[in-house]
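>>> Sharing a model that was predicted from the sequence below.
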Amino acid sequence: MRFTRSRSRLLAAAVGLGLAATAMATPAVAAPAETGASAKALAAAYAAVDSAVSRSALSGIAWYTDEATGKVVVTADSTVPASALGTLTRTVGADADAITIKRAKGEFKPFLGPGDAIHGAGTRCSLGFNVRSGGTHYFLTAGHCAEDVGTWYTNAGQTTRIGPTVKSSFPGNDYALVRYANDSLSHQGGYSVGDARVGQRVTRDGSSTGAHSGRVEALDVSVRYRGSGTVRGMIQTDICAESGDSGGPLYAGSTALGITSGGSGDCSSGGTTFYQPVREAVNAYDVNLY
């Protein structure tokens, strides 16, 4: 099996309501746009939400600061009862006016499942981006995929070895580094590292559902997955994904942006997905895309 960019690329590897500006009586002078809470109030609201979620048993929830609207956007998946959101709002207290509550279909969870891509310990995930350090070649995938996988294979029968998991980080982050130890496998490159922008058109690829495109909704998002841990600094998009797509690449053209972490929904009804920024992973492991 050749690990090339041509193999679906993967083997080559959230808004509150802004208030409009109003015209004043003085000629040629307009009032500045209201942008919601002040920076200090916004920071306090974010800290209050973060603390409330961390101290509770609440999961299936994501939150980030939307500086454009002056709101902290809290997105709850379908498993979070309305009563729990009410409790969260009351716990936040006076800072609740700086919060916008949204709902997402399905359940926020790390994507993981059986199938046909990179295999290990009875699970399947997707290869993200190829990287190297000196003359040694590796690839990046999701950290939650690699927690219990010592060795990866190209097939479910585990007859063609790729190589070992060298390092992994989850929760908090969601990235892992796997070393190529099979000289018969090619590992072409073709990407450079970049940073995602809100509104940017992007594509993600995965071994379950292939390539799907959409837009970046938010940056620096914190997510507490159901039945798992909290990850921070994530990219949020409106692109669908399903189990087994974890670890796959998020990119814009030849610019590598993220590694698929988790989300909700599916590619029939749509969903919300979260990605580990690639730049953080390559910096953590002192490797380079090529």
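Looks like it came in fine.
>>> pLDDT on the top helix by length along the chain, on average?
Criterion DSSP state H: the longest helix present in the chain is helix 39-55. Helix 39-55 comes out with an average pLDDT of 90.
>>> right, and the helix or strand after that helix?
Later in the chain than helix 39-55, the nearest helix or strand by DSSP states H and E is strand 61-66.
>>> Which other helices and strands does that following strand contact?
Counting contacts by 3 or more Cβ pairs under 8 Å, 6 or more residues apart in numbering; DSSP states H and E, strand 61-66 packs against helix 39-55, strand 71-76, strand 210-224, strand 230-237. All C-beta atoms are positioned from the backbone trio N, CA, C, and that covers glycine.
>>> Relative to Ile101, which of the ones you listed is closest?
Ile101 lies closest, by Cβ to Cβ, to one member of these: strand 71-76, at 5.3 Å.
>>> returning to that earlier point: which other residues reach the longest helix of the chain?
For helix 39-55, the external contacting residues (Cβ atoms under 8 Å, 6 or more residues apart in numbering) are 36-37, 58, 61, 63, 65, 67, 70-72, 74, 88, 91-93, 95-96, 98-99, 222, 224, 230.
>>> Quick check: buried residues in that helix?
Judged by neighbour count (16 or more other Cβ atoms under 10 Å), helix 39-55 contains these buried residues: 41-42, 44-46, 48-49, 52-53.
>>> That helix: how far from the chain's middle?
On the basis of Cα atoms, centre = their mean, to the nearest Å, helix 39-55 sits 21 Å off its chain's mean C-alpha point.
>>> Now do the contacts for Ala121.
148-150.
>>> Below-threshold pLDDT in the stretch 1-150 of the chain: ranges please.
1-36, 112-116 (pLDDT under 70).
>>> at 80 what do you get?
Along the stretch 1-150 of the chain, the parts satisfying pLDDT under 80 run over 1-37, 94-95, 112-116.
>>> Which parts of it are strands?
Here the stretch 1-150 of the chain has its strands, by DSSP state E, counting those that start in this stretch, at 61-66, 71-76, 99-103, 109-110, 118-120, 123-125, 130-133, 136-141.
>>> Nearest to Ser169, out of those?
strand 136-141 (11.2 Å).
>>> Output the strands of the stretch 1-150 of the chain in CSV; the columns should cover distance to Met234 and mean neighbour count.
As requested, these are exported to CSV (distance: least, Cβ to Cβ, whole Å; neighbours: other Cβ atoms under 10 Å):
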stretch, distance to Met234, mean neighbour count
strand 61-66, 8, 24
strand 71-76, 12, 24
strand 99-103, 16, 16
strand 109-110, 12, 24
strand 118-120, 22, 24
strand 123-125, 17, 25
strand 130-133, 20, 21
strand 136-141, 15, 24
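>>> Fine by me, we can end here.
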